[in-house]
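**Q** what's the 3D shape of this:
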Amino acid sequence: MKFRVIQDTFGVEELPHGLFYEFPWGLRFNLSNVSTSTGTRHLERFLDSLDRAKSITHAFLADSEKVTVLFSRLGPEKPVPAMNRAVNQLDDIGFDSARLNYLGAIKQGEDDYEDWRYQHWYSCHLSNELPEIDKLLWNCVAQDMGVQPYAEWGSIYLADLQKQMIVHVYDDRGMDVIAMDKETIKPFYSDLNSWLLEYDRKAMDQKFS
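**A** Take a look at the predicted model:
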């Protein structure tokens with residue numbers, strides 16, 4: 001898979017972190033109402049966020065025959081050995097890192113992260129493998145909260161290229177789902193309405209209600 005596939009499917013050279021604000025048809029979900037704290041409340045928030053992320057993701061990908069996973073992380077121009085750590089860490093969460101294919105890197109702004117100015121992209125394909133998807137969802141929530149183990153990736157996207165749809169858990173607070181066709185995700189506006197993020201609810205109401 002090359003970057004051309006991303007461009008042909010979603011009309012962008014690389015996927016942005018804030019999908020909801022960059023595509024016309026999207027939903028943004030709140031993953032937990034548990035206040036960020038320490039101790040047992042911290043664990044409660046983690047479990048709450050993970051459970052909701054899994055429920056939403058499973059709903060959107062229920063009919064997907066193939067899911068393309070896109071991994072991205074900032075690094076120096078040369079991917080080796082700088083990216084090896086993040087790739088190998090996937091094994092720590094039980095995800096086989098040997099499945100990843102390196103796609104390439106895109107240079108970012110000159111002032112971004114000093115020498116780490118290249119967004120490196122990897123991909124792999126999953127076929128009806130919810131346990132493997134759940135491992136990646138664990139990572140998306142655990143990384144931001146410091147729950148071990150986790151792999152150090154900037155973003156992990158779950159894409160159904162046939163449906164032109166992307167699921168992205170950006171941290172323990174929330175997740176985005178976008179599609180190129182409004183009708184692909186419109187039913188979920190109603191089905192999962194109680195979990196929509198209040199901050200962006202007005203924008204979603206205007207598009208889907």
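**Q** tell me the average confidence for the top helix by length along the chain?
**A** For the chain, the longest helix by residue count, based on DSSP state H, is helix 40-61. What helix 40-61 shows for mean pLDDT is 92.
**Q** try stretch 78-92
**A** 91.
**Q** One more: stretch 161-174?
**A** 95.
**Q** Buried residues, it. List them.
**A** L161, K163, Q164, M165, I166, V167, H168, V169, Y170, D172, R173, G174 (16 or more other Cβ atoms under 10 Å). Where C-beta positions appear, they are placed from N, C-alpha and C, glycine not excepted.
**Q** Nearest to L70 among the residues you listed?
**A** In terms of Cβ to Cβ, no member of the buried residues of stretch 161-174 lies closer to L70 than I166, at 8.3 Å.
**Q** Make sure that closest one is indeed in a helix.
**A** No: per DSSP: H, G, I helix; E, B strand; the rest coil, I166 lies outside any helix segment and is strand.
**Q** Check the spacing between it and D115 real quick.
**A** 29 Å (Cβ to Cβ, to the nearest Å).
**Q** now the helices for the chain?
**A** Secondary structure of the chain (DSSP H): helices at 3-10, 19-22, 40-61, 84-89, 130-145, 182-191, 201-208.
**Q** Could you give the number of residues near A86?
**A** Other residues near A86 come to 19 when the count uses other Cβ atoms under 10 Å.
**Q** rewinding a little: the helices of the chain: which one's closest to E152?
**A** helix 84-89 (4.8 Å).
**Q** what pairs with G75 across the strands?
**A** Applying DSSP bridges to G75 yields these beta-bridge partners: Y118.
**Q** check contacts around it.
**A** G75 sits next to A82, M83, A105, W116, Y118, H120 when contact means Cβ atoms under 8 Å, 6 or more residues apart in numbering.
**Q** next one: D176
**A** Counted by Cβ under 8 Å, 6+ apart, D176 has contacts G18, L19, F20, G26, L27, R28, F29, I166, V167, H168, Y170.
**Q** any idea how far P79 is from the most centrally placed residue in the chain?
**A** The centroid of the chain falls nearest to H168 when counting by Cα atoms, centre = their mean (2.7 Å). In this view, H168 and P79 are 22 Å apart by Cβ to Cβ.
**Q** Repeat that for L43.
**A** L43 is 35 Å from P79, by Cβ to Cβ.
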